[in-house]
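> I'd like to go over a predicted model; first the sequence, then the structure.
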Protein chains: 2
Amino acid sequence: MFGSSPAGPGEFELIDQYFRQSGVTGAESEQGRILLGIGDDCAVVEVAAGRQLLMSIDTLVEGTHFLAGTEPDVLGWRSLAVNISDLAAMGADPWCFTLALTLPRTDPLWLQEFAGGLFRLATRFGMHLIGGDTTRGPLSLTLQVQGTVTGAPLTRSGAKPGDLVLVSGTLGDAAAALRFLDLPREAYSSSQQFLRRRYEYPEPRVAIGQKLRGLATAAIDVSDGLLADLGHICQRSGVGAWIDPARLPLSRAIQAELPPDDALHCALEGGDDYELCFTLPPDKLRHVQSWLEERLVTVVGEITPEPGLWLRDEAGQLQATSGRGYRHFE
Amino acid sequence: MFGSSPAGPGEFELIDQYFRQSGVTGAESEQGRILLGIGDDCAVVEVAAGRQLLMSIDTLVEGTHFLAGTEPDVLGWRSLAVNISDLAAMGADPWCFTLALTLPRTDPLWLQEFAGGLFRLATRFGMHLIGGDTTRGPLSLTLQVQGTVTGAPLTRSGAKPGDLVLVSGTLGDAAAALRFLDLPREAYSSSQQFLRRRYEYPEPRVAIGQKLRGLATAAIDVSDGLLADLGHICQRSGVGAWIDPARLPLSRAIQAELPPDDALHCALEGGDDYELCFTLPPDKLRHVQSWLEERLVTVVGEITPEPGLWLRDEAGQLQATSGRGYRHFE
């Protein structure tokens, strides 16, 4: 770990120093114990009795998921956030992670800032970096996160006809930010700054996911776009769904920056928001009443027995839609 | 998993089909249960009571760890083998793995052959692919393997002065193979074929690692070269070691293909053999007697109280060495 593929003589020891957290080996929590962190062939952990272990691996590649020159602090945060978001979608408690870092060169300042963004988010969720690998090559970041749950995790496969479809936060902000990613920051309006921040520093909805366990019938994080990800729920659950576009939660910033049709397009098809989309039997709605009042979650549609995805207008007319979702940088 | 970063419309479903093993979800063994495999935001497993979980992540990048045009069957085998080797070095039982695959394009034949090599090795150790991610970008393979142990795993940190240093198999074969990697296969001698196979299809020493638990004081897999990896043991154990070059186990093939000095250089500094290097108190040697007789393991040196690495000649003279180890493709 952090040593099997040194990028150059003495280099991995250098890289290593940016990723050492103190107190990892021996760290104990209700989730289990970390018996051995970075420094051996494997990390070793002990999962607490009665807990299931959840794992998710995701890669961010320069030119596909982010532009060349993206601030390393953003990459550190974002590469961990997109993985934690998968834990959030299943209602898990984040625990620990590994990092496989492929770098074209060793740049101490880059590494320091990358580690800065990474650990700022890790610390927020009490997550430990327990192992990794550093490799020479085109810039690419692969993380695997581990989390735990007691009881059953949320899955994509339990949605039932009649369940309400809800989303957390606001949708489309990250996709909207892509429109002015190449403008100089100094020229940004405050709404543009807000949208860009939403794109760069997504907030994984861990607390919402945790509360939804035993409540929601299905959940997913919105990484590919609402239609695409709701489509995954429908496919796995053997159902369909309609969405009322008029109900989609839009930030003030996206409404200020984009014409209504564009904003709607971003909210339906835009990826990278890392909000949660979940389904709830109508009689469970009262359990999220305070969130509804705060607009932390919003009802946007309903599950149907027929497979397919529809947009429903105010008159109740349904219009079939593809749900292809967002394609990175296409 | 296998869906958060689709490489193109409909493409990830295509890719997905090459990586579905049947019977993963629900698979139960003495290691635990796989509650949910590919298809949701996370994989979910339950580790059997009393078992520790070991994890290792490693990346292979085209141009750094393998040449462009390397057969996909080789890449499938090798990318999993180098990870299982980390489990072997700690004496763990291989269990399951995740795969993050970055591909420049979708080539069904490539995917089929890659999956072929991957699952041929996975099946040998009863390992399940439980999740992954597919991404567009320069060819790169990141795998994380999970294994378990009951009791204490082998580590790098327990070597004591007076312990013997042993290695499994023969050393230097993979490094020797690099010398004629660009020759046409048809022109290969049988020794060259042997060496190339050693490079392309390393055999993780799982059974040896398992038997060494509770016996060896330290262990590591030889991925960076004997001197470099023994150096890791010494560093973590706060000791030094000498190696007698005359005792290094060399294959007949390397002796047939390379002059003695070259062969020795490969055995000391060459990486990618994925043999085990371990330390054993002299009174434990009888426990590996049958292996010694079969030449499955060989005593090559001894741990010293003084930090450092030495080569010892037949007269007992010690010569300091750097132990920098092998650098990929430099």
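Happy to help now that I have it. Numbering: from 1, shown residues only, chains lettered A, B, ... in the order given.

> Every contact and neighbour count from this point should use C-alpha atoms.
Fine.

> Do you have the strands of the stretch 1-150 of chain A handy? List them.
Secondary structure of the stretch 1-150 of chain A (DSSP state E, counting those that start in this stretch): strands at A:28-29, A:32-36, A:43-47, A:51-61, A:93-103, A:128-136, A:140-150.

> hang on, I meant the stretch 201-330 of chain A
So, for the stretch 201-330 of chain A - with DSSP E, counting those that start in this stretch - the strands run A:218-221, A:240-243, A:276-280, A:297-304, A:308-312, A:318-320.

> where's the fifth one relative to the chain centroid, distance-wise?
Counting by C-alpha atoms, centre = their mean, to the nearest Å, strand A:308-312 is centred 25 Å from the centre of its parent chain.

> And for the first one?
Distance of strand A:218-221 from its chain centroid, counting by C-alpha atoms, centre = their mean, is 11 Å.

> follow-up on the earlier one: where among the strands of the stretch 201-330 of chain A is average confidence lowest?
Among those, strand A:318-320 has the lowest mean pLDDT, at a mean of 89.

> circling back: nearest to B:L183, of the strands of the stretch 1-150 of chain A?
Nearest to B:L183 among the strands of the stretch 1-150 of chain A is strand A:128-136; the distance by C-alpha to C-alpha comes to 25.5 Å.

> what does stretch A:26-45 rub up against?
Residues outside stretch A:26-45 that contact it (C-alpha atoms under 8 Å, 6 or more residues apart in numbering or on different chains) are A:1-2, A:20, A:24-25, A:46-48, A:51, A:95, A:129-132, A:148, B:52-56, B:86-87, B:89-90, B:155-156, B:220-221.

> per-residue confidence averaged over that stretch?
Per-residue scores along stretch A:26-45 average to 94.

> Serialize the strands of the stretch 1-150 of chain A to a markdown table and add fields for distance to B:C234 and mean neighbour count.
Shown next, in a markdown table, are the strands of the stretch 1-150 of chain A (distance: least, C-alpha to C-alpha, whole Å; neighbours: other C-alpha atoms under 10 Å in any protein chain shown):
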| stretch | distance to B:C234 | mean neighbour count |
| --- | --- | --- |
| strand A:28-29 | 28 | 14 |
| strand A:32-36 | 18 | 20 |
| strand A:43-47 | 19 | 25 |
| strand A:51-61 | 33 | 26 |
| strand A:93-103 | 25 | 24 |
| strand A:128-136 | 20 | 26 |
| strand A:140-150 | 29 | 25 |
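
> Among those, which comes closest to B:H265?
Among those, strand A:128-136 sits nearest to B:H265 (C-alpha to C-alpha), with 23.9 Å.

> Can I get that closest one as CSV, trimmed to CA atoms?
Output of strand A:128-136 as CSV, limited to C-alpha atoms (Å, rounded to 0.1, in the frame of the first residue of the first chain):
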residue,chain,number,x,y,z
HIS,A,128,-9.9,7.2,7.8
LEU,A,129,-7.6,6.6,4.8
ILE,A,130,-6.5,3.1,5.4
GLY,A,131,-4.5,2.3,2.3
GLY,A,132,-3.7,3.1,-1.3
ASP,A,133,-1.4,2.9,-4.3
THR,A,134,0.5,5.6,-6.2
THR,A,135,1.3,5.2,-9.8
ARG,A,136,2.8,7.1,-12.7
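
> Off-centre distance for that strand?
Averaging C-alpha positions (C-alpha atoms, centre = their mean) puts strand A:128-136 20 Å from its chain's average.

> Is there proximity between that strand and chain B?
Yes: using C-alpha under 8 Å from any C-alpha of the partner chain, strand A:128-136 reaches chain B at A:G131, A:G132, A:D133, A:T134, A:T135, A:R136.
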